[in-house]
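Visitor: Sequence and predicted structure below; questions after.
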Amino acid sequence: MSDTATTGVSQSFQLKSASVSLTALELYYFDDTEFEANLREKISQAPGFFKDIPLVISLDKYEGPDRELDFFKIIGTCRRYNIHVIGVRAATDDQRRLARSAELPVLPGGSLRETKSEAPAQQPEAAPEPSPTLAQPAPAKVITQPVRSGQQITAPEGDLVILAPVQAGAEVLAAGDIHIYGPLRGRALAGIHGTEGARIFCQSLEAELVSIAGHYKISEDLQDNGWKGAVHIQLKDDLLVVKPLDKA
Amino acid sequence: MARIIVVTSGKGGVGKTTTSASISTGLAKHGQKTVVIDFDVGLRNLDLIMNCERRVVYDFVNVIQGEATLNQALIKDKRVDGLYILPASQTREKEALTKEGVEKVINELSGTFDYIVCDSPAGIEHGALMALYHADEAIVVTNPEVSSVRDSDRILGILQSKSKRAENGLEPAKEHLLLTRYNPERVDKGEMLSVQDVEEILAIPLLGVIPESQVVLNASNQGLPVILEEDSDAGQAYEDAVARLLGEEREHRFLTAQRKGFFSRMFKGA
């Protein structure tokens, strides 16, 4: 009895989150013949690259009138060149409606103009993750000189390690973690591409501002906890948490 | 080859020109052939403090533009042997100091002098950049207060990134902190940053501490580099700084408040 019941319910699939790197076509305006001419030219530069690629139409920078957007024509033209339009990142409600009527999925992240008031904390999702097969940890950037007022040091890919003070009026930024083996008197922004797991470590917290993945605290709000102490700072439930290093 | 020293600060009014005058005079007194160049085109003051303003015929910009030779523009100091002044132009703009022009003048001076002292204008614009560009050493003049310290930090950053040494990937310029207008009594009252505070924030070696003194103002008004006021504390502090610059080790003086006598405290308190 139970046999018949269970065999029918065996798992035929599993849902998992996945991130895929896609090509986006940023459309500035749409004119049928110009669009095809531009496309042909692009493809002639690298014919192999464009064959059978999935493509997302991004409308963040679209400046023409919405009524000129003809998704059917776009899809048709692309298909003639073996390019598959799989979705639209729309910026306005009208564009979304047009996309849906052409049976194109509307992808998140293309809504800069309209949803500015919405929680900006969701922005990290907008950036498509680089394909996991290419994941090669970027080496940490190491700075041995003091970072002086007015200077800005950026580690656009990996961690940033500073073996000197970061002075008031200086700014240090990293895609990953920031380690400062000296006082932090300026600004430190970790996880600038939206990595919420990024952390900031410093020998003495005297910062003007600290930020992780866009969540920030200014000097005034840092005074009560760990001020002038060795601390590490991380993001927990969208809140910056400062903890003394010896209790980490 | 001359050693090129820039006297700089970022902030104005902290004592750059006073320091340039005294350091260059001190170096010459120690037997080093020294020229001091005023980079503050349009707001020249060095000639006043060196008391040679009535002897200016040609200036730095004239030399750069080929209107005069260096020998015509250099003014020999009357008090100290081996000291020369290259005054700034009062009527031009800072942009008259072209990179190539300044380089040519510095190279020419470099052959005949032991030290070239560059008196930088305030700010972080063209004039200040030109003054620090060739520096082998930098004397960063700082007052013991927060905004001056912040500006000094800024100019140190610029020195690290925009000087000739930085551009050519050479060993960075040697940095010296010179704390001026230091008043130990006000430090004790918490109205001023202490030497330790400033040293800790800027993280560069201390060249000297010049006490706040009426003598400095009087000397400037008379056109006398304060280092020549040999009996004054400020003059002696500059003399110590010059000796340290030349490699001598000297203990820092004038860092603590004068102990008030028993009676003066008794009567003042009442």
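Guide: That came in fine, so what should we check first?

Visitor: Three-state assignment for the residue in the stretch 51-200 of chain B positioned nearest to chain A, please.
Guide: With C-beta to the nearest C-beta as the measure, residue B:157 is the residue of the stretch 51-200 of chain B nearest to chain A, at 2.9 Å. Where you see a C-beta, it was placed from the backbone N, CA and C, and this is true even at glycine. Recorded secondary structure, residue B:157: helix (DSSP: H, G, I helix; E, B strand; the rest coil).

Visitor: which residues touch residue 87?
Guide: Picking chain A for this. A:56-57, A:104-107 (C-beta atoms under 8 Å, 6 or more residues apart in numbering or on different chains).

Visitor: right idea, wrong chain: chain B
Guide: Taking C-beta under 8 Å, 6+ apart as the test, what residue B:87 contacts is B:38, B:44, B:46-47, B:52-53, B:56, B:59-60, B:73, B:75.

Visitor: quick one, phi psi at it?
Guide: phi -80, psi 160 (degrees, to the nearest 10).

Visitor: from the contacts of residue A:87, which would you call buried?
Guide: A:56-57, A:104, A:106-107 (16 or more other C-beta atoms under 10 Å in any protein chain shown).

Visitor: Just confirm residue A:211 contacts residue A:189, I think it does.
Guide: Yes. Assessed by C-beta atoms under 8 Å, residue A:211 is found in contact with residue A:189 at 4.2 Å.

Visitor: ok, back up a step: out of the buried ones among the contacts of residue A:87, flag the one nearest to residue B:166.
Guide: residue A:56 (44.0 Å; C-beta to C-beta).

Visitor: Alpha carbons of whichever helix or strand the closest one is part of, in PDB - could you do that?
Guide: Per DSSP states H and E: residue A:56 is located in strand A:53-58. Extracted in PDB, the C-alpha atoms of strand A:53-58 (Å, rounded to 0.1, in the frame of the first residue of the first chain):
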ATOM      1  CA  ILE A  53      24.000  33.300 -26.900                       C
ATOM      2  CA  PRO A  54      21.200  34.200 -24.500                       C
ATOM      3  CA  LEU A  55      20.700  37.900 -24.300                       C
ATOM      4  CA  VAL A  56      19.000  40.300 -21.900                       C
ATOM      5  CA  ILE A  57      17.600  43.600 -23.100                       C
ATOM      6  CA  SER A  58      18.500  46.200 -20.500                       C
END
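
Visitor: That one pairs with which strands, parallel or anti?
Guide: strand A:23-26 (parallel), strand A:83-89 (parallel) (DSSP bridges).

Visitor: Could you check which residue of chain A lies nearest chain B?
Guide: Counting by C-beta to the nearest C-beta, chain A gets nearest chain B through residue A:148, at 2.9 Å.

Visitor: ok, that residue - contacts?
Guide: A:167, A:169-170, B:153-154, B:156-157, B:160.

Visitor: Low-confidence regions, chain A specifically.
Guide: Chain A contains residues with pLDDT under 70 at A:1-9, A:17-21, A:47-49, A:109-136, A:248.

Visitor: how about CSV for the contacts of residue A:148, with distance to residue A:65 added?
Guide: Formatted as CSV, the contacts of residue A:148 follow (distance: C-beta to C-beta, whole Å):
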residue, distance to residue A:65
A:167, 51
A:169, 46
A:170, 46
B:153, 52
B:154, 49
B:156, 54
B:157, 49
B:160, 52
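
Visitor: Just among those residues, which is most surrounded?
Guide: Counting neighbours by other C-beta atoms under 10 Å in any protein chain shown, residue B:153 leads the contacts of residue A:148 with 29 neighbours.

Visitor: looking at this, that residue is in a helix?
Guide: Yes. Counting by three-state DSSP, residue B:153 is found in a helix.

Visitor: which pair in the contacts of residue A:148 spans the largest distance?
Guide: A:169 and B:160 (14.5 Å).

Visitor: Could you tell me which residues of the stretch 51-200 of chain B lie near chain A?
Guide: B:124, B:150-151, B:153-154, B:156-158, B:160-161 (C-beta under 8 Å from any C-beta of the partner chain).

Visitor: Contact residues of chain A facing chain B?
Guide: So chain A meets chain B at A:145-151, A:164-165, A:167-170, A:185 (C-beta under 8 Å from any C-beta).

Visitor: repeat that for 7 Å
Guide: Neighbours of chain B within chain A, by C-beta under 7 Å from any C-beta of the partner chain: A:145-146, A:148-151, A:165, A:167-169.

Visitor: quick one: contacts of the helix or strand following the strand holding residue A:56?
Guide: The element immediately downstream of strand A:53-58 (helix or strand, assigned by DSSP H and E) is helix A:71-80. With contacts defined as C-beta atoms under 7 Å, 6 or more residues apart in numbering or on different chains, helix A:71-80 is touched by A:32, A:35-36, A:39, A:55, A:57, A:85, A:98-99, A:102, A:104.

Visitor: Next, the angle from the longest helix along chain A to helix A:71-80.
Guide: Under DSSP state H, the helix in chain A containing the largest number of residues is helix A:32-45. Relative orientation of helix A:32-45 versus helix A:71-80 (axes from the mean of the first three to the mean of the last three C-alpha atoms, to 10 degrees): 30 degrees.

Visitor: Contacts for helix A:32-45 next, please.
Guide: A:50, A:73-74, A:77, A:81.

Visitor: Tabulate the CA atom coordinates of it in PDB.
Guide: Extracted C-alpha coordinates of helix A:32-45, given in PDB (Å, rounded to 0.1, in the frame of the first residue of the first chain):
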ATOM      1  CA  ASP A  32      14.400  48.800 -36.600                       C
ATOM      2  CA  THR A  33      16.900  49.300 -39.500                       C
ATOM      3  CA  GLU A  34      19.600  50.900 -37.400                       C
ATOM      4  CA  PHE A  35      19.200  48.200 -34.800                       C
ATOM      5  CA  GLU A  36      19.800  45.500 -37.400                       C
ATOM      6  CA  ALA A  37      22.700  47.300 -38.900                       C
ATOM      7  CA  ASN A  38      24.400  47.800 -35.500                       C
ATOM      8  CA  LEU A  39      23.800  44.200 -34.600                       C
ATOM      9  CA  ARG A  40      25.300  43.000 -37.900                       C
ATOM     10  CA  GLU A  41      28.400  45.100 -37.400                       C
ATOM     11  CA  LYS A  42      28.900  43.900 -33.800                       C
ATOM     12  CA  ILE A  43      28.500  40.200 -34.900                       C
ATOM     13  CA  SER A  44      30.900  40.600 -37.800                       C
ATOM     14  CA  GLN A  45      33.600  41.600 -35.200                       C
END
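
Visitor: which parts of it are buried?
Guide: So for helix A:32-45, counting by 16+ other C-beta under 10 Å, buried means A:35-36, A:39, A:43.
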